[in-house]
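Peer 1: sequence unknown, structure follows:
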């Protein structure tokens with residue numbers, strides 16, 4: 001009887017931990033990379049060397065975004081890849097595969113009619 005009670009307690013504890021871990025992703029939905037392009041380098045403005053133009057589909061809407069960041073952050077990003085994302089005003093926050101949240105500045109959006 002003690003073994004089954006202990007096993008049941010462990011299962012309940014594991015279920016609670018799983019529910020808590022999933023609540024950390026609250027507000028995130030699955031977004032798909034439609035396209036990703038690196039802006040060409042500009043010799044006059046080297047600070048803009050790591051700029052990207054990224055289109056992401058979230059639901060029925062395609063968001064055109066700009067982002068700055070280390071190329072290592074965008075290394076695994078390619079068309080068709082899916083990432084957790086959420087809208088925060090004019091910013092699309094995307095969780096990269098390493099768990100880092102990347103802010104993409106929304107410059108336009110398209111929805112089908």
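Peer 2: On my side now, so go ahead. Not measured: the values here are computed from a predicted model.
Peer 1: Strands along this structure, start to end?
Peer 2: When secondary structure is read from DSSP state E, the chain shows strands at 29-38, 51-58, 61-68, 82-88, 91-95, 101-110.
Peer 1: With mean neighbour count and mean pLDDT as extra columns, can I get the ones you listed in TSV?
Peer 2: Every residue, glycine included, has its C-beta placed from N, CA and C. Written out in TSV, the entries for those read as follows (neighbours: other C-beta atoms under 10 Å; pLDDT from 0 to 100):
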stretch	mean neighbour count	mean pLDDT
strand 29-38	15	95
strand 51-58	19	95
strand 61-68	18	95
strand 82-88	16	95
strand 91-95	19	95
strand 101-110	15	95
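Peer 1: The ones you listed: which one's closest to residue 44?
Peer 2: Closest to residue 44 of the strands of the chain is strand 51-58 (C-beta to C-beta; 13.8 Å).
Peer 1: hmm, who's touching that closest one?
Peer 2: 29, 31-39, 62-69, 74, 77, 85, 87, 92, 94, 104 (C-beta atoms under 8 Å, 6 or more residues apart in numbering).
Peer 1: Work out the gap between that strand and the centre of the chain.
Peer 2: 11 Å (C-alpha atoms, centre = their mean, to the nearest Å).
Peer 1: mind listing what it pairs with, with the direction of each?
Peer 2: Note on strand 51-58: by DSSP bridges, its sheet partners are strand 29-38 (antiparallel), strand 61-68 (antiparallel).
Peer 1: just to revisit the earlier point, would you mind giving the strands of the chain as TSV with distance to residue 44 added?
Peer 2: Converted to TSV, the strands of the chain look like this (distance: least, C-beta to C-beta, whole Å):
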stretch	distance to residue 44
strand 29-38	17
strand 51-58	14
strand 61-68	17
strand 82-88	32
strand 91-95	27
strand 101-110	22
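Peer 1: leaving aside the residues next to it on the chain, what's closest to the residue nearest the centre of the chain?
Peer 2: Centroid-nearest residue in the chain, with C-alpha atoms, centre = their mean: residue 94, separated by 2.2 Å. Counting by C-beta to C-beta, 6 or more residues apart in numbering, the nearest residue to residue 94 once its immediate chain neighbours are dropped is residue 85, at 4.4 Å.
Peer 1: Fine, thanks again, bye for now.
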